[in-house]
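**Q** Fold the following.
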Amino acid sequence: MLTTLSRPVSELFPRVSALVKSRRTEYAEATMRIPMENYRDPEILRAERQHVLGASPVVLAPSAALRDDGDYLTRQLPDGRSVIVVRGPGGTARVLVNTCRHRGARVAEGSGCARRFTCAYHGWSYDTTGGLVGQPGRPGFDDVDQAELGLTELPSEESFGFVWLVPAGSPGVTAHLGTFAEPLGSYDYASFEANATMEVELPANWKCVLEAFFETYHFPFVHGNSMVGQGTIGNVVSFDSYGLHARLGVPGITMQNLPEDATPEDIHMSVLYFVYPNLVIANTVLGCELIEVRPAGSPDRSVLRHTFLSKVDPALIGVHNNEEYLKAIRAILRDEDGPVISSSGGGIRDAAHDFVLLGRNEPGCQHIHRQIQSALAQSVAG
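**A** Sure thing, here's the model as predicted:
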């Protein structure tokens, strides 16, 4: 009775079910020590911005949030720049630097649908391709070609249900994903429905935030009284690496005593993706949660952006309510994950010892650090 499940769940179910029955998880080969300076050193953060976050394609927005011409949203890049992600003529998505070409003011805030982006400072306006189409007091600038004053467009690509920033010199998205392209594409994220985004700033290194959302070791302790801890078997995961990227299979609590004739309603198993360098996607029966993380100015500050994309199997619509789920999951993120991530960030800042220790039962966290460290080492060697 697994045919109506997503392909990754159908594929992982026998393996994860065996882990549940044996009461064990899949382990890394050894524990891993992360030097404290990797979280605290401004020079390491500078290198990460350049050689990790600034050297690979990064997801900026789900395609589902940009259905129609003129749909847009603003985002802040890991390097701090504000950009507009907008659906323009012919359905093309673009990434435009959110800086007026006159004196640098922002031309858009938040999200919505618009034909023009107008600077509130002096009224210069731009269309959804970034072209300058309105310039009050034009005679004062008549020695400059108006066509040269459009918003700066950054290289981007729309694929696999997302709009990606593709930095100059980095591989295209398909090359970046490698063998991970097939499992990522199997969910058809472009067909999901986008819900509102929530951002939370945390006093912790950006890698601390990624760690929290790519392991379940903490579930019984942090989420023991909420649906995450009560609905999931903590510290039991399958782990697969796909080059830079990785996948966890996470069993729901019903898999403890699953009958032989189990139906999709019984199999509440989650599949977590790490998309290098800064995105975790938690795929569930209700859709998926996007956890995007970026540094916020200093090594001990970061911003978590949470977006929920909903897509419910018709057989489950009567069982689940997306609005209630979204409200509950964001309360958990804000009131349960947020405080312990903040505590971890403060402890790392103040610690007298030399390293953070990642267990063999945290293969996902180890993988994240290993890829970041490898990128930094290659930048030095190159």
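**Q** how about the strands of the stretch 151-300 of the chain, start to end?
**A** In the stretch 151-300 of the chain, the strands defined using DSSP state E, counting those that start in this stretch lie at 153-154, 156-159, 162-165, 193-202, 238-242, 245-250, 270-275, 279-284, 287-296, 298-310.
**Q** how about JSON lines for those, with mean neighbour count and mean pLDDT added?
**A** Yep, even glycine has a C-beta here, placed from its N, CA and C like the rest. As requested, those are exported to JSON lines (neighbours: other Cβ atoms under 10 Å; pLDDT from 0 to 100):
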{"stretch": "strand 153-154", "mean neighbour count": "16", "mean pLDDT": "98"}
{"stretch": "strand 156-159", "mean neighbour count": "19", "mean pLDDT": "98"}
{"stretch": "strand 162-165", "mean neighbour count": "24", "mean pLDDT": "98"}
{"stretch": "strand 193-202", "mean neighbour count": "17", "mean pLDDT": "93"}
{"stretch": "strand 238-242", "mean neighbour count": "19", "mean pLDDT": "98"}
{"stretch": "strand 245-250", "mean neighbour count": "24", "mean pLDDT": "98"}
{"stretch": "strand 270-275", "mean neighbour count": "24", "mean pLDDT": "97"}
{"stretch": "strand 279-284", "mean neighbour count": "22", "mean pLDDT": "96"}
{"stretch": "strand 287-296", "mean neighbour count": "22", "mean pLDDT": "96"}
{"stretch": "strand 298-310", "mean neighbour count": "21", "mean pLDDT": "96"}
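**Q** Make CSV from those and add distance to Gly224 to it.
**A** Formatted as CSV, the strands of the stretch 151-300 of the chain follow (distance: least, Cβ to Cβ, whole Å):
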stretch, distance to Gly224
strand 153-154, 44
strand 156-159, 39
strand 162-165, 33
strand 193-202, 21
strand 238-242, 23
strand 245-250, 16
strand 270-275, 17
strand 279-284, 19
strand 287-296, 20
strand 298-310, 21
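**Q** For Gly91, find the nearest of the ones you listed.
**A** Nearest to Gly91 among these is strand 156-159 (9.1 Å), distances taken as Cβ to Cβ.
**Q** about what we covered before: looking at the strands of the stretch 151-300 of the chain, which is closest to Arg40?
**A** So among the strands of the stretch 151-300 of the chain, strand 298-310 is nearest, using Cβ to Cβ, at 5.4 Å.
**Q** Next, the angle from that closest one to strand 279-284.
**A** Here the directions of strand 298-310 and strand 279-284 differ by 30 degrees (axes from the mean of the first three to the mean of the last three Cα atoms, to 10 degrees).
**Q** Nearest to Asp143, out of the strands of the stretch 151-300 of the chain?
**A** Comparing the strands of the stretch 151-300 of the chain by Cβ to Cβ, strand 153-154 comes nearest, at 24.2 Å.
**Q** Excluding its own residues, what touches the closest one? List them.
**A** Val83, Arg94, Val95, Leu96, Val97, Gly130, Leu165 (Cβ atoms under 8 Å, 6 or more residues apart in numbering).
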